[in-house]
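Chemist: Just a sequence and a predicted model for now, questions to come.
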Amino acid sequence: MNCPWHWGPYGAAFGEFLSTSASVLHCTEGQTPLGDSNAGEEEENIIKTSRNTHAKATTQTAAAASRSLLIWTTARSETMGEAELLSTPHNIQIGEVTCDSFHVAWEMTPEDAARVTHYFIDLSRKEGGEQNRFKHRDVPTKLVAKAVPLPMAVRGHWFLSPRTEYCVAVQTAIRQPDGDYQVSEWSQVVEFCTGDYAMDHLQQLLGKAQGVAGRMLRFSAFYRNQHPEYFQYVRTQCGGAMLPSIKDNSGSHGSPINGKLCGVFLSCNTEFDTGLPPKDSPYGPLRFHISASHLLNSNTHLYFADFYCMYTAYHYVVLVVAPVGSEGDHFCSGRMPLLDLTANPFLIYVPGPEPTFCHASDVILEVLYTEPLALDQGTLVQISGHHQLMSLSTANAKKDPSCKVCNISVGR
């Protein structure tokens, strides 16, 4: 056998054992190693003595060879085991996070980097503010990817949700000829949060909303319904002006205005048959009216912010109205699609001696005005209908994730 590493320093003893054993096996019954069948009694005694000595020597040689082989096998196994161990990935880094993707990198030894063939990435949502605990830490449970130069882009492997906290851990592996994997230990768990919808995602939502906006109806005033206590507070504590407040988390989870942009919410939808605002409201029995010309004019920018529904047949479109150059305008610029105020499918201002205003008929518009509105700029009236329609309230309402009309593939 032409394998020097296989025999090592114990080859001589093991070779002697094989040679001697072969010699004994060739001595059949009634024969001697000398090959003389007519030997005398003295020769027979010599042969018997020789055989006993030979057998004893063979046994001793075989035992020595077995011990040598056992020592070599143990040493060889330990050496191979040490060589195959992979270091645990460390210093996990998450970067370039969007609403539906991220980049991940980590550190490992140069020796491991040269022989690793696959990465295992385990990712799950962070639950209850506690660190994620993996059910199966010694086997790949999520993503198996071929080894690529780091950082590795993770996109499309999971349906990641915007503004969601996740936990991630990584493991390196070497694919064996039998299809199994030699794996490292799991790295430490690292947490990160996905981002808001980017401009291209909002453009997708905008395209969907345009398809269901419907024809345009004229209107003349924006309005806001609230309870008497609200307006009393505005008069006594806010100097008579409705002040911008932070946008809640209703609608699409990835909308960039949720929890970030301040404004005063207004409505402008009218009844199809009367051309007037609806008689009912889920927000309160008092209604503040303000002329549309106070908000929509040549010094106003209009932005598209969201499109959603609440498990209902009708849909909501959220628009932001901001005076040009205002803080709200700066926030929206570059984050959300800017609409042409004179030509868009949702809310139109037509300038002239007597400007006209129109709104989409088949969606409910929620208009966020980014500046304070003084009560003395409009009028306050009591609505004639009921105001207990709380099912129509959109306060912190969650978007229907199963609706095919208003959802895009990157999340809800």
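Modeler: Looks like it arrived, so ask away.

Chemist: State the distance from the closest residue to His118 other than its chain neighbours to Val104.
Modeler: Spatial nearest neighbour of His118, chain neighbours left out: Ala173 (4.5 Å); criterion: C-beta to C-beta, 6 or more residues apart in numbering. C-beta: built from backbone N, CA, C; applies to glycine. Ala173 is 15 Å from Val104, where distance means C-beta to C-beta, to the nearest Å.

Chemist: which of the two has more neighbours?
Modeler: Using other C-beta atoms under 10 Å as the criterion, Ala173 and Val104 rank with Val104 on top: 22 against 19.

Chemist: returning to what we had before: for the residue nearest to His118, which residues are in contact?
Modeler: Going by C-beta atoms under 8 Å, 6 or more residues apart in numbering, Ala173 touches 86, 116-120, 140, 181-184.

Chemist: a markdown table for these, including secondary structure, distance to Ala169 and pLDDT?
Modeler: Below are the contacts of Ala173 laid out as a markdown table (DSSP: H, G, I helix; E, B strand; the rest coil; distance: C-beta to C-beta, whole Å; pLDDT from 0 to 100):
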| residue | secondary structure | distance to Ala169 | pLDDT |
| --- | --- | --- | --- |
| Leu86 | coil | 15 | 91 |
| Val116 | coil | 16 | 94 |
| Thr117 | coil | 19 | 94 |
| His118 | strand | 15 | 94 |
| Tyr119 | strand | 11 | 93 |
| Phe120 | strand | 9 | 92 |
| Pro140 | coil | 11 | 38 |
| Tyr181 | strand | 16 | 91 |
| Gln182 | strand | 18 | 92 |
| Val183 | strand | 12 | 92 |
| Ser184 | coil | 11 | 93 |
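
Chemist: Which secondary structure state is assigned to the residue nearest to His118?
Modeler: strand (DSSP: H, G, I helix; E, B strand; the rest coil).

Chemist: Could you do Lys279 as well?
Modeler: Going by three-state DSSP, the state assigned to Lys279 is coil.

Chemist: Give the residue spans of the stretch 251-400 of the chain that score low on pLDDT.
Modeler: The stretch 251-400 of the chain contains residues with pLDDT under 70 at 385-396.

Chemist: Which parts of it are helices?
Modeler: According to DSSP state H, counting those that start in this stretch, the stretch 251-400 of the chain carries its helices in the segments 327-332.

Chemist: Just want the phi and psi numbers for His201.
Modeler: Main-chain dihedrals, His201, degrees, to the nearest 10: phi -70, psi -40.

Chemist: Model confidence at it, what's the number?
Modeler: We have a pLDDT of 93 for His201.
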